[in-house]
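[1] Predicted model follows, preceded by the sequence.
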Amino acid sequence: MSNPDFTLYVVTAILLYIIGIYGIAIRRNMVRTVIGLEIITASVNLNFLAFTLLNPKLLPLAQYFVVVSIVLGAAVASIALMLVIQAYRLYGSTDLRKLSKLKW
Amino acid sequence: MTQSWIVLQPIIILLAGALIVPTIEFLGKAVKFEKLRGMIAVIIFGLSLYSALTVYGEVQRQGPLTYFLTPYGPPIGVDFFVDQFSIFLALLFCLLGLLISIYSIKYMEDDTGLDKYYSLLMTLVAGLVGISFAGDLFNLFIFWEVMSLSSYALVAFKKYRWEAIEASFKYLIMSTIGSLTALYAISVLYGMAGTLNISQLASIIPTLKTYPPQLPYFIIATIIVGFGVTASIVPFHFWLPDAHPAAPSGISAMLSGVVIKAGIYAIARILFSIFIPTAFNFGTTLILFGIITISVANFMALLQRDIKRLLAYSSIVNIGYIIFGFGVGAYALNFYGIGGYSIAALAIMGAIFHVFNHAVGKGLLFLGAGSFIHEVGTRDLTELEGVGKKMPWTGTSFSIGLLTLAGVPPLSGFWSKLFIILAGYAVLGNSFMIIATSIVVLNSIFAAAYYLWVMQRVMLRDPKPKAKGVHEAPLLMVIPIVILGLITVIVGCWPFEIINFADVAARSLLGLLMG
Amino acid sequence: MEPITPIIGIETLPAWLCWLFPLVGALFSPILAKIHPKVRDYGAVFFSFLSFLMAAMLIPLLFNIELLPKWEILPWIDLEGLPVLSKIEMGVLIDPLSIIMANVIAFISLLIMIYSLGYMKGDPSLTRYWFFMNFFIGSMILLVMSENLILTLFGWEGVGLCSYALIGFWYKDSKKDYIERWVGEPPEAYPPSHCGMKAFITTRIGDLSLLLGALIIVAFTGTLSYIGLLEEVQHLPHESMWILVPAAIFFFGGPIGKSAQLPLMEWLPDAMSGPTTVSALIHAATMVNAGVYLVGRIFPIIYVGSTVYPEMISFFYVIAWIGVLTAFVAGTQAMASNEIKKVLAYSTVSQLGYMMLALGVAGTTLEFALGYTAGVFHLMSHAVFKAALFLTAGAVIHAVESRFLHHMGGIRKEMPITFWCMSLTAFSLMGVPILFSGFWSKDMILESTLLAGQPLIFILAAVTVAITCFYSVRMIALTFLGKKSDRIHEMEDGGHHVHEAPKVMWIPYAILAAVTLAFGIGSIFPYNGIGIWLEHTFEGYLSKFIEIEHHLSPVSISATEAALPQELAVLMTIVSSLTMLLVGTWIAYRLYVKRTVDPEKLVGSRSALKSMWTFLFRRWYINAFFYKVFIYPTISISRWALKHIEESGIDKFNYVVADAVKSFCSRFRRTHTGVLNYNVIGMILGFILLIILMFVALVW
């Protein structure tokens, strides 16, 4: 709060989060869903780093967290994309609404 | 709190096993022994259970154990913290892992890629044990991701069927949103407090004054959302009825039995140990969400025709009970201050005991359903009528599982539900609690409707044509089911050992309250 | 009271195993049956043999009563903070009463199981039979061995269940089995399943009363164990003692039911529709003795209570009078019965009345040991001779293929062993002097009534001796002596000849006949006879708990004063019992052995005799009364309720609710669309809801 950049970063992070969620909630294409996931990852990483502006002591650990988080994000994305490809093979399209055979 | 490296043992054993199995497969194209993978997996799980028991012994003797993995202490290093609550869950995870690996030897024998299956199963349990042993939040998050990734892959195991892919995709997306949201909350928490070590956070958070008071509540909400996705609390549960049926039955048992409990563990640990209930009022929220979860899942479960989907919804119901139990505990502490400690201990003890009961019972049910499906070849309940008569051992244990979840004495499920409901009514003079607990009781009766319906269909009717020709499942599939059934009956008749264990676990969860 | 410490460990192991072995054997029966039928049969007998071994291992303790009581407790449920029943333990109590009862039960059960090998041969449902027999033996021994009320109640319920299952063993109720398997004659002919239900419900009423009494006692004394109750009852505050009197009387309701005393005696005669082995085991030797055992158990407790609170003596008066009235009424009913097993059943009720009578009068005097011992000794000897009588009756029924006395007759030459065994044991029942244990035990009972100063009871009991002799001789005469009946002639013409029972069947009842002789001869010795020895044992043991204080109740003092001096009592007893014996036997002899007067003509000719005979034949109309007043109205009310309340009201309500719920749920299901986008939107809405709730929580 004592640092105007801090507010900027935090608000950006929140905005990114909202954009990511929007992407997952509204978009029909499965690949966009995965992209939305990555955007949310970015938002969280940004949030970590934003707090280090307030308290520089936090920096080394925050960097460590962010790196780990990026790696995990990559792993998740790879599995997700594998599933998208397989789904395309089985369903014939990347439309998320077609992926609703399991319902009620 | 003593330092002890044996805390790491179960995790290391499981991770080593996860590496050994593919290695053997890789080296052993000449070793054409099919069962070898399964046997190695069973041995590894057995060793992990044994080492978890050693840790249990240590914790009983010396109190909570910690271990710092890196030479730097907190807040920088990675640490493990094991108290009775953690070891309770870890023992449960290892036990179920062992039984399911025994089951999988026979159940999965027609599938390919089994080395990856067992390897993933081991990383799954390693992740679970790591979550319960985690001493700081980032450690928790890492093991959380290990567990989640293993489970995504396991749900999609039968990757040539559309059902597994669809289910796994939805599971992945929703669960990752959850993990990331939880990570978001962790980041805010980190920014506020400067450390992620649970014990340190517990001492810092209640006294923190430099941040607006809304912030902790925002974090609590986000934590509940984030971990609640995996724990399948109601608005976040949509993945579960798709993922659990689509996975192979052993994995369904793992998912329903233990993976969703990991979410509960995370919520409980963070909320109760860090955001102490006397200072923060989150009990009402947990109670409300608990009730919503129970009711919605009950409505959905009643009319299901797919046996595994019905069991999946029933898992959600039971998570609702557990969340309700924790909520009552938090509410009692908030409402009465420190005077509500005994009610809170009772409620939380009931919730923890219900974790055990549901894990055992639902594991039993899914394994039994898997046996039925393996023999008959269909998941539709109208075609599975009467299988229990043809498969007596499986059928009887299956009925025991249904009865214990319906809360019939003298089986174990009765006791845990009794404690939760008693604790709910014990918060006296409070119409909110009385109404809430009455809703829970009504729902419990409601749930008995479909449990008994399934039991009637499976056990008491004459076999339909498809089910006529079956015979009892192979021995290795029957053994885990019967063992789980025996555990249910024994714990039901002599529950006092487990009740004591759960009680100690509850008190240690609340322990930071008592100074 | 001297301090008594529990003993844990190997010494009490036989007591635990004694009841565990049969229960395990019961569980094993279906498994053994899958192996081979013979394995199942011999296996079942083997388990009851093990139980007998365990009981026998406890006998040496009877000779060292300073070591008793021993007991062992295992905690089962321990919930502190509950106002009542917070601690429930499993335990066994070894003392003279339980040792004697366990041995009686185990020994006779073993012999009956061996007999069953022959009697039940060829029956299609033997697995069920062995299961329930072993389960019964286990429950019964649990009942007598248990250390506290709760386990006794478990055993009590267990024997009730098994008796229901075994009485109704041939539940298919086929009409063509009427001659062998049903009970009674029209209008009171009942099929086996009906009899099983009747037994169960009648004893249940007794059980309810027992439970009520037990709960009141527990609520006031706070403990369930017998040893604990002995202590607690002395320390109760005087004001609350009054509740123990009705509580004890309610408690006695259980024995009234289980031991078939008035007014709940009607189930026992109809329980004869089960296999004869069941009748022998359950209704002669064991289950009906459960009531007597319970009274014996509760005796020291109430007795000690009566020294503190005199009104409790009325409990003993109730028992004594119910006992003697039952003995008389049942004896007269036996005189007119047409079926061999029914005679024995009424006789059992009558003898049980004697036992209750003995225990009752014992409680009214200072020298309780005589009456107490008389009751227990009579229990022992009755178990032996009545079981033998039933087993021989079973052999006869098998041979003649009918249960009716008028279908038998004249088969003494073909079944000599059975004849002699039945006669010897019947002599014991009648109380033929010196050689037979029945004489000693019955005379002990009569003596104790005189010593307690109860002349009326003595007279009734003595008259019943005559009645007993009458029906016993009648039964033997009609069965073995005289001419063969038409039915037997038909059978022989058809090629079925009456022959002696196979070895596996006559050896058990021969053993029992020998035992009854042995007890009789063993009681002759004036200072060490069995009866005297038992009396010293019980006196020595019970005086550990019952210290006769000087402030005695006025009632018991006057009873003691009204009592006769010892020698006079003994003389009067012997004289009157012998007289009654001779009277009864001579009348029956003239009517049935010598056949100087035809009993049918005698009854038919005079209307007074005819109506008396009908009165006795119709069981004093007690049975008909119960049916008319309780059973039939209940059935018609139930039918009415079924039609008008259940079907129209409750079922309809169920269907309405179920349909409403179903339609709601099927519409609710549509919210789970299965499209990921909507699911995530749901998540977001949930998130927002949570945040709102959190802020509300913050503000509150």
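    Nice, thanks for sending it over.

[2] The residue of the stretch 301-450 of chain C found nearest chain A - nearest residue in space that isn't next to it in sequence?
    With Cβ to the nearest Cβ as the measure, C:Ala345 is the residue of the stretch 301-450 of chain C nearest to chain A, at 64.9 Å. Where you see a C-beta, it was placed from the backbone N, CA and C, and this is true even at glycine. What sits nearest to C:Ala345 in space, not counting adjacent residues and going by Cβ to Cβ, 6 or more residues apart in numbering or on different chains, is C:Pro269, at 4.4 Å.

[3] what helices or strands is the host helix or strand of the one you found leaning on?
    Following DSSP states H and E, one finds C:Pro269 within helix C:267-270. With contacts defined as 3 or more Cβ pairs under 8 Å, 6 or more residues apart in numbering or on different chains; DSSP states H and E, the packing partners of helix C:267-270 are helix C:192-221, helix C:340-362.

[4] I'd like to know which of these has the weakest mean confidence.
    When these are ranked by mean pLDDT, helix C:192-221 comes last with a mean of 86.

[5] what comes up buried for that helix?
    The neighbour-count criterion (16 or more other Cβ atoms under 10 Å in any protein chain shown) identifies C:192-200, C:202-203, C:205-207, C:209-218, C:220-221 as the buried residues of helix C:192-221.

[6] angle of the top helix by length along chain C against helix C:340-362?
    Of all the elements of type helix in chain C, the one with the most residues (DSSP state H) is helix C:368-400. Put simply, helix C:368-400 runs at 180 degrees to helix C:340-362, going by axes from the mean of the first three to the mean of the last three Cα atoms, to 10 degrees.

[7] Identify the single longest helix in chain B, thanks.
    Secondary structure of chain B read by DSSP H shows that its longest helix is helix B:341-376.

[8] Averaged pLDDT, that helix. What do you get?
    The average pLDDT for helix B:341-376 rounds to 91.

[9] pLDDT averaged over the helix or strand following that helix, what's the number?
    Elements were assigned by DSSP H and E; along the chain past helix B:341-376, the next helix or strand is helix B:387-390. Helix B:387-390 carries an average pLDDT of 84.

[10] give the contact list for C:Ser98.
    By Cβ atoms under 8 Å, 6 or more residues apart in numbering or on different chains, the residues touching C:Ser98 are C:Ala15, C:Val144, C:Met145.

[11] Mind putting those residues into TSV with pLDDT?
    Shown next, in TSV, are these (pLDDT from 0 to 100):
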residue	pLDDT
C:Ala15	81
C:Val144	90
C:Met145	88
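
[12] Looking at those residues, which is nearest chain A?
    Sorting the contacts of C:Ser98 by distance to chain A puts C:Met145 at the head of the list, at 58.8 Å, by Cβ to the nearest Cβ.

[13] Wait, that closest one touches C:Pro22, no?
    No. Under the criterion of Cβ atoms under 8 Å, C:Met145 makes no contact with C:Pro22, lying 11.8 Å away.

[14] one step back: of the contacts of C:Ser98, which ones also sit close to chain B?
    Filtering the contacts of C:Ser98 for proximity to chain B (criterion: Cβ under 8 Å from any Cβ of the partner chain) leaves nothing.

[15] What parts of chain A come near chain C?
    When proximity is defined by Cβ under 8 Å from any Cβ, chain A lies next to chain C at A:21, A:24-28, A:33, A:96-97, A:99-104.

[16] Filter those down to the buried ones.
    Of the members of the residues of chain A next to chain C, the ones counted as buried by neighbours, 16+ other Cβ under 10 Å, are A:Ile21, A:Ile24, A:Ala25, A:Thr33, A:Leu96, A:Leu99, A:Ser100, A:Leu102.

[17] In helices, which of these appear?
    Mapping those onto helices (DSSP H) picks out A:Ile21, A:Ile24, A:Ala25, A:Thr33.

[18] so who does the third one touch?
    So the one you mean is A:Ala25. Under the criterion of Cβ under 8 Å, 6+ apart, the neighbours of A:Ala25 are C:Asn677, C:Val680, C:Ile681, C:Ile684.

[19] Report the contact partners of the first one.
    For C:Asn677, the contact set (Cβ under 8 Å, 6+ apart) comprises A:Ile24, A:Ala25, A:Ile26, A:Arg27, A:Arg28, A:Leu96, A:Arg97.

[20] I'd like those residues as TSV, with pLDDT appended.
    Putting these into TSV (pLDDT from 0 to 100) gives the following:
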residue	pLDDT
A:Ile24	90
A:Ala25	89
A:Ile26	89
A:Arg27	86
A:Arg28	87
A:Leu96	83
A:Arg97	82
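
[21] And these, which two are furthest apart?
    Comparing every pair within the contacts of C:Asn677 by Cβ to Cβ identifies A:Ile24 and A:Arg97 as the most remote, at 13.7 Å.

[22] Specify the local secondary structure of C:Gly674.
    Three-state call for C:Gly674 (DSSP: H, G, I helix; E, B strand; the rest coil): coil.

[23] How about B:Phe80?
    Recorded secondary structure, B:Phe80: strand (three-state DSSP).

[24] can you give me phi and psi for the residue of chain C found nearest chain A?
    Residue nearest to chain A within chain C (Cβ to the nearest Cβ): C:Gly674, separated by 2.9 Å. The main-chain torsion angles of C:Gly674 are listed as degrees, to the nearest 10 and equal phi 90, psi 0.

[25] where's C:Leu74, which helix or strand?
    Element membership of C:Leu74 [criterion: DSSP H and E] is strand C:70-78.

[26] So in that sheet, which strands flank that strand, and in what orientation?
    strand C:87-94 (antiparallel) (DSSP bridges).

[27] buried ones in the partner strand?
    Neighbour-count burial for strand C:87-94 flags C:Lys87, C:Glu89, C:Met90, C:Gly91, C:Val92, C:Leu93, C:Ile94 (criterion: 16+ other Cβ under 10 Å).

[28] same question, stretch C:591-601
    Neighbour counts using 16+ other Cβ under 10 Å place C:Leu591, C:Tyr592, C:Val593, C:Pro599 of stretch C:591-601 among the buried residues.

[29] residue contacts, the second one?
    With contacts defined as Cβ under 8 Å, 6+ apart, the neighbours of C:Tyr592 are C:Val473, C:Arg474, C:Ala477, C:Leu478, C:Leu481, C:Gly482, C:Pro599.

[30] What degree of burial does the second one show, as a neighbour count?
    Taking other Cβ atoms under 10 Å in any protein chain shown as the neighbour definition, C:Arg474 ends up with a count of 24.

[31] any low-confidence regions in chain A?
    Residue ranges of chain A with pLDDT under 70: A:1-2.

[32] make it 90
    Counting by pLDDT under 90, the ranges of chain A that qualify are A:1-10, A:23, A:25-30, A:48-65, A:87, A:89-104.

[33] Save the contacts of C:Asn677 as CSV, and put in distance to B:Leu215 too.
    Shown next, in CSV, are these (distance: Cβ to Cβ, whole Å):
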residue, distance to B:Leu215
A:Ile24, 26
A:Ala25, 26
A:Ile26, 29
A:Arg27, 31
A:Arg28, 36
A:Leu96, 35
A:Arg97, 38
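
[34] tell me the secondary structure for C:Pro124?
    State at C:Pro124, reduced to three classes by three-state DSSP: coil.

[35] pLDDT wise, what is it at?
    Predicted confidence (pLDDT) at C:Pro124: the value is 84.

[36] which residue is nearest the centroid of chain A?
    Residue closest to the mean C-alpha point of chain A, counted by Cα atoms, centre = their mean, is A:Ile40 at 2.4 Å.

[37] neighbours around C:Leu58, how many?
    The number of residues near C:Leu58, taken as other Cβ under 10 Å, comes to 22.

[38] How about the backbone phi and psi for it?
    Dihedral angles for C:Leu58 - degrees, to the nearest 10 - are phi -90, psi -10.

[39] Contact partners for the nearest residue to it once chain neighbours are set aside?
    Leaving aside its sequence neighbours, C:Leu58 sits nearest to C:Ile99 (Cβ to Cβ, 6+ apart; 4.9 Å). Residues counted as contacts of C:Ile99 (Cβ under 8 Å, 6+ apart) are C:Ala55, C:Leu58, C:Ile59, C:Leu61, C:Leu62.
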